[in-house]
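Q: After the sequence you'll find the predicted model.
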Amino acid sequence: MHKTFTRSTLVTISIITVAVTGVYVALFLYIKHMQTQTAVLDEKVAFEERRGSQETALKLLAKDIKPDLDTLSGFIVSNENEGDIAFIKNLEQLGAAQSVSLKIISAAEVAQDAFKIVTFQIAIQGGWSHVLHVVGLIESLPYKISVKEVTMSHVDTGSVAGKKDGRHEWRAALMFTVIKDSVEEPK
């Protein structure tokens, strides 16, 4: 009996030891799984915090550079049809305000990356100082304008009954480029 008692005690202790070891292993695996889940959640929280701080920084940056962007967009002819029309009307108004004849001879677009370069050829006719003033006004328009060529010539205005009428007309042929936005505007 003593032998069976010892044997049954050892078997019981062995079973308890295996069971406790199994519980420890299961508990260890559960803790390891929970640590992995916690690490994933910590990474998600850190990512969200970084993204939130980046969004805040971008909002502050956008707020800080908005005046500069508004100014810059004023230097570029809009991609919309109204932008082209408004620019041409602005040119025509400059001529009318200075009492000169201003005609658009041609306008050609060339696409380059995010912008288009529009080359205008215009003819201006009127008095010397008025023509020069209009050329200067075109150069100083609030757009990125590059004057490529200016040609001035005296225009014979004719005479009345064989006598000169005393008018001195000048003609300027002006070729310049202006940047036009080629990025589609959101509707």
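A: It's in.
Q: how far is the longest helix along the chain from where the chain is centred?
A: Longest helix of the chain, by residue count under DSSP state H: helix 2-73. Centroid separation for helix 2-73 versus its chain: 41 Å, with C-alpha atoms, centre = their mean, to the nearest Å.
Q: Stretch 86-99 too?
A: The answer for stretch 86-99 is 28 Å, by C-alpha atoms, centre = their mean.
Q: List the buried residues of stretch 130-137.
A: Neighbour counts over stretch 130-137 (16 or more other C-beta atoms under 10 Å) mark 130-135 as buried. Where you see a C-beta, it was placed from the backbone N, CA and C, and this is true even at glycine.
Q: which two in these are spaced the farthest apart?
A: His130 and Val135 (9.9 Å; C-beta to C-beta).
Q: if we can go back for a sec, for the longest helix of the chain, the averaged confidence score.
A: For helix 2-73, mean pLDDT is 86.
Q: which strands and helices sit next to it?
A: The helices and strands touching helix 2-73, judged by 3 or more C-beta pairs under 8 Å, 6 or more residues apart in numbering; DSSP states H and E, number zero.
Q: Downstream of that helix, the next helix or strand is which one?
A: Using DSSP states H and E, the helix or strand that directly follows helix 2-73 along the chain is helix 81-97.
Q: what about that next one, distance to the chain center?
A: 24 Å.
Q: So which bits of that helix are buried?
A: Buried-residue list, helix 81-97, by 16+ other C-beta under 10 Å: 84, 87, 91, 94-95.
Q: Around Gly126, count how many other residues there are.
A: 22 (other C-beta atoms under 10 Å).
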